[in-house]
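Peer 1: The following comprises the amino acid sequence and a computationally predicted model.
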Number of protein chains: 2
Amino acid sequence: MVTLKEVAEICNVSATTVSNVINGKAKTSEETKNRILQVIRETGYKPNYMAKGLRGKKTRTVAIIAEDIEQFTSPTIIESIMRSCEQEGYRAIVHNLRLYDRWSDTWYGKEEEYHSVLDPVVKDVLSEQVDGVIYLAGHSRIITSFNEDFPLPVVMCYAYSNSSNVPSVVIDDEKGAYEMTSYLIGLGHERIGFIGGRMENIHTAKRLMGYQRALFENGLLYDPELVYYGDWSRKAGYLGAEQIIPKEVTAIFGISDKMTGGIYDYLEEKGIAIGRDISVVGFDNEIIAEYFRPQLTTTALPLKDIGRIAAELLLTRLEGSNGEEPAERDPVVVKVPCKLIKRKSVVKK
Amino acid sequence: MVTLKEVAEICNVSATTVSNVINGKAKTSEETKNRILQVIRETGYKPNYMAKGLRGKKTRTVAIIAEDIEQFTSPTIIESIMRSCEQEGYRAIVHNLRLYDRWSDTWYGKEEEYHSVLDPVVKDVLSEQVDGVIYLAGHSRIITSFNEDFPLPVVMCYAYSNSSNVPSVVIDDEKGAYEMTSYLIGLGHERIGFIGGRMENIHTAKRLMGYQRALFENGLLYDPELVYYGDWSRKAGYLGAEQIIPKEVTAIFGISDKMTGGIYDYLEEKGIAIGRDISVVGFDNEIIAEYFRPQLTTTALPLKDIGRIAAELLLTRLEGSNGEEPAERDPVVVKVPCKLIKRKSVVKK
DNA sequence: TTGAAAGCGCTAACAC
DNA sequence: GTGTTAGCGCTTTCAA
């Protein structure tokens, strides 16, 4: 690889001048500028990233720390972040914690194990001289890993931060569930089953709130008998349906498409026709939803938007505070709305 | 961040000594060594990645250049590469070309557009001082982007390289299709439809070869009437089924699960019961396959293996050739076997 | 408008 | 064993 110095020699100018031309710093005569640009093009010169990062402060690089790149929400968000970064002339580099690969679901609450993985990565990130960090959670919860004096701007993606200067970008679970439930109610349904994840899970809690609010606003009584807490698995959907169907519901709301697959399993087994005898809706709009029979009415996650907004939030901070201490501000939570996708699994009652 | 120099000062030794201790280079007295290690622990010192890369030759970093991180095969392969790298003390950083995001499928053959994206990334990679590169294709084809004198070791993943020193790690399409077809034949099927992607597509060509070989080895005549070339879409599966069903097949082999979804659509429309009146099989073992009704018999892609093998291939080269020119060798193609997943969409004839 | 010199954090060669 | 020196490729004063 040709270096700046070499370019300078070829042009019979100093390294400084070449540097100036590249970065548009000092004024340079049109003539030398053109000559230098010309040589740069000819030689295919590319500034050495390492050297640049070593000396200067800004690398125009942001680090994405993803908890699980294999989680279905991650690739789309990452790609969206990268696209936004590219537009602003930043690059994004991805670190993957592989939490699930290491411990399946068993690491929850095990702070020690979690930190044994996160801390080295954070150190890496710091030593890479990135300008900022986007932390991409695999599922929603409160993440306390970045406290007030973390030396870099951080944006939390798909989870909530507890820190006043780490904004969070999350899906609007409550509203998503509210809209879905309202849709069902608008179609005449009054007894609507709800199959959630674990009770303490944030997605579950918020979506249940939305469900309740829709009920309430329509003068419908909330019946705890109609809600089932599962573990997000297909099996849980089956079990939930088994428990709820006898309660004479006319619709069931499974808060993940995968669980809803289990609801389908049960209903099919019992010969109850979805989209005719009963209405079933999901959440996530995973690819599988389109392949259900009948195709599943569900709620699409705004993954692209989340990535874009997170990137914008971070880049704004980076551009704004040129090295200065970021202004202390209130915690920011951006709730990104979901989108109801109407397909064939719902009937008017 | 505390620097090596600072650690040295605290310990009253030279920077060199600290460097030696960290890298286990020269001999150091137990005493100073322990003292230094102690201070490193206390201060949380972490070598600056940039400085290291700038001076030394090896960064213990490999770059993954992915064509499309959103492609369903990519995340698993990437995660697998990362896991293997981690085991050997390497880190992997991901670059995403976002080919599909930019141009959908329209960039094929448009070398110019492709290079307008690839070339800057390659330059980036070079300037990052990585030790090697894994190129992860979105789908199989021959990739000519890395010629003999590319300055870094490269491994091609999920596609074929044309260069004698760039090994390729690909799925064994031919064998996968052969085994599936043999399975069907073993169950008594003799007229088996085949729904492929575009004729010139490598996956299609190889899988068709496997299909033919199975037919041939069982003394069955290959009937071109039973094969349909589509475009990988669900719709193509539908169209293919529409064309092939009248030819009195007893089984249909769709070479992607998504296309097979279209086969299901058609069959359902016609009231033909899959897994009873007819057998249907897919390829890919995407998540959707489990949610088909009946659940789809298909062929699982060895994505984890591909990632692992690619990483091993690259790391072996890196460890072997310490900077020396890699030995010129014959092109290596590693074909990784797929796995037949038996579910409910097939019946004995 | 341009250049010389210093230095970012680290490692390598060579002395002591 | 340990320290000195030089330098990786670049940016940044500051002087010319």
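Peer 2: On my side now, so go ahead. Residues are numbered from 1 along each chain as shown, chains lettered A, B, ... in the order given.
Peer 1: Please count neighbours and contacts with C-alpha atoms only from this point.
Peer 2: Noted.
Peer 1: sec struct for A:Ala92, please.
Peer 2: strand (DSSP: H, G, I helix; E, B strand; the rest coil).
Peer 1: For it, give me its contacts.
Peer 2: A:61-64, A:81-82, A:85 (Cα atoms under 8 Å, 6 or more residues apart in numbering or on different chains).
Peer 1: Do a quick rundown of the strands in chain A.
Peer 2: Counting by DSSP state E, chain A has strands at residues A:61-66, A:91-96, A:132-136, A:142-143, A:154-157, A:160-161, A:168-171, A:192-196, A:227-229, A:251-254, A:279-281, A:298-300, A:333-336, A:339-341.
Peer 1: Next, format those strands as a markdown table and append distance to DNA strand C and mean pLDDT.
Peer 2: What follows is the strands of chain A, written out as a markdown table (distance: least, Cα to the nearest atom of the strand, whole Å; pLDDT from 0 to 100):
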| stretch | distance to DNA strand C | mean pLDDT |
| --- | --- | --- |
| strand A:61-66 | 17 | 95 |
| strand A:91-96 | 21 | 92 |
| strand A:132-136 | 18 | 97 |
| strand A:142-143 | 29 | 94 |
| strand A:154-157 | 21 | 97 |
| strand A:160-161 | 29 | 96 |
| strand A:168-171 | 31 | 98 |
| strand A:192-196 | 49 | 98 |
| strand A:227-229 | 50 | 98 |
| strand A:251-254 | 52 | 98 |
| strand A:279-281 | 55 | 98 |
| strand A:298-300 | 46 | 98 |
| strand A:333-336 | 34 | 97 |
| strand A:339-341 | 47 | 98 |
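Peer 1: near chain B, which residues of chain A show up?
Peer 2: Residues of chain A lying close to chain B by Cα under 8 Å from any Cα of the partner chain are A:46-51, A:53-54, A:69-70, A:75-76, A:79, A:82, A:93-96, A:98, A:123-124, A:127-129, A:261, A:287-288, A:291-293.
Peer 1: Sitting in helices, which of the residues you listed do you find?
Peer 2: Cross-referencing the residues of chain A next to chain B against helices under DSSP state H gives A:49-51, A:53-54, A:75-76, A:79, A:82, A:123-124, A:127, A:261, A:288, A:291.
Peer 1: In JSON lines, list the strands of chain A along with distance to DNA strand D.
Peer 2: Formatted as JSON lines, those follow (distance: least, Cα to the nearest atom of the strand, whole Å):
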{"stretch": "strand A:61-66", "distance to DNA strand D": "14"}
{"stretch": "strand A:91-96", "distance to DNA strand D": "16"}
{"stretch": "strand A:132-136", "distance to DNA strand D": "17"}
{"stretch": "strand A:142-143", "distance to DNA strand D": "34"}
{"stretch": "strand A:154-157", "distance to DNA strand D": "23"}
{"stretch": "strand A:160-161", "distance to DNA strand D": "32"}
{"stretch": "strand A:168-171", "distance to DNA strand D": "31"}
{"stretch": "strand A:192-196", "distance to DNA strand D": "52"}
{"stretch": "strand A:227-229", "distance to DNA strand D": "55"}
{"stretch": "strand A:251-254", "distance to DNA strand D": "54"}
{"stretch": "strand A:279-281", "distance to DNA strand D": "54"}
{"stretch": "strand A:298-300", "distance to DNA strand D": "43"}
{"stretch": "strand A:333-336", "distance to DNA strand D": "33"}
{"stretch": "strand A:339-341", "distance to DNA strand D": "44"}
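Peer 1: DNA strand D: which of the ones in helices among the residues of chain A next to chain B is nearest?
Peer 2: DNA strand D lies nearest to A:Ala51 out of these, by Cα to the nearest atom of the strand, at 4.1 Å.
Peer 1: Which residues are in contact with the closest one?
Peer 2: B:50-51, B:54.
Peer 1: Need those in CSV (columns: pLDDT and distance to DNA strand D).
Peer 2: Formatted as CSV, the contacts of A:Ala51 follow (pLDDT from 0 to 100; distance: Cα to the nearest atom of the strand, whole Å):
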residue, pLDDT, distance to DNA strand D
B:Met50, 88, 9
B:Ala51, 89, 6
B:Leu54, 82, 5
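Peer 1: What distance do you get for the residue in the stretch 51-200 of chain A that DNA strand C sits nearest to to A:Gly254?
Peer 2: Per Cα to the nearest atom of the strand, A:Arg55 is where the stretch 51-200 of chain A lies closest to DNA strand C, at 3.3 Å. A:Arg55 sits 54 Å away from A:Gly254, going by Cα to Cα, to the nearest Å.
Peer 1: now do A:Pro246
Peer 2: Remark: distance between A:Pro246 and A:Gly254 (Cα to Cα) = 16 Å.
Peer 1: the more surrounded of these two?
Peer 2: Neighbour comparison, A:Pro246 and A:Gly254: the larger count goes to A:Gly254, with 30 against 9 (by other Cα atoms under 10 Å in any protein chain shown).
Peer 1: Go ahead and confirm that one touches A:Ala236.
Peer 2: No. Using Cα atoms under 8 Å, A:Gly254 makes no contact with A:Ala236, being 9.9 Å away.
Peer 1: The residue in the stretch 101-250 of chain A that chain B sits nearest to: neighbouring residues, count only.
Peer 2: Residue nearest to chain B within the stretch 101-250 of chain A (Cα to the nearest Cα): A:Ser127, separated by 4.9 Å. By other Cα under 10 Å, 18 other residues sit near A:Ser127.
Peer 1: Identify the residues contacting the spatially closest residue to it that is not a sequence neighbour.
Peer 2: Nearest non-adjacent residue to A:Ser127, counting by Cα to Cα, 6 or more residues apart in numbering or on different chains: B:Asn48, 4.9 Å away. B:Asn48 makes contact with A:127-128, B:3, according to Cα under 8 Å, 6+ apart.
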